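fold the stuff below for me.
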Amino acid sequence: MRRTRGRVVLHGLGIGALAVTLSLSLTACGPVAKELSNGDFAETIPAALAEAGIGVTDSFAAKGLDGFTFYMGVGVDLDHDDLSPDDLATILRVILEHNDVPSDQIRLSVDDSEGETIDVPAVVENIDPDLETRAGSYGGLSVTNDQAAAIIEAVWGE
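Prediction:
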């Protein structure tokens, strides 16, 4: 009888161990699935920015991974020297509407007509000093989708 109970206990432990292993495997697939997600963002975001009427001369969109953070990296070149709050809200709205892959963050860099980097966090600071954002490298901006929506709302009241 003890052997039967031992087998039942071991069998129960085997099923439990299998459940834990399966659970961990499925959890680990999340980052892999995000990385393997392909979409049309690389074409749709630049096309929408070009049609936005804010003076975009060139742009790109690329997904990236930084540790466990998946981000949508977007670079924009403008035909003028400053980035208005309206320009920034338009750019962020285009990114949010045309990003068709899972991402945790938007990393945005904007260059003026001379190819100089515009200090995007300073523009956000002028829109609303209470908005929480993270300055990216070289004057870029790093925000979550919710933070991007908050910037748009602060500019347009939407």
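
touching, H80 and V110? I think so.
No - H80 is not in contact with V110 according to Cβ atoms under 8 Å; the separation is 10.8 Å. (Each C-beta comes from the backbone N, C-alpha and C, glycine too.)

look at the two and report which has more neighbours.
Each of H80 and V110 has its neighbours counted (other Cβ atoms under 10 Å); V110 has more, 24 against 12.

tell me what the strand or helix carrying that one is packed against?
Counting by DSSP states H and E, the element that carries V110 is strand 105-111. With contacts taken as 3 or more Cβ pairs under 8 Å, 6 or more residues apart in numbering; DSSP states H and E, strand 105-111 sits against strand 69-78, helix 85-98, helix 120-127, strand 141-143.

need the contact partners of it.
Strand 105-111 is contacted by residues 64, 69-78, 83, 88, 91-92, 95-96, 99, 117-118, 120, 136, 138-145, 148 when judged by Cβ atoms under 8 Å, 6 or more residues apart in numbering.

mind checking pLDDT for the residue nearest in space to the middle of the chain?
Nearest to the mean C-alpha position of the chain, counting by Cα atoms, centre = their mean, stands Q105 at 2.7 Å. Per-residue pLDDT puts Q105 at 94.
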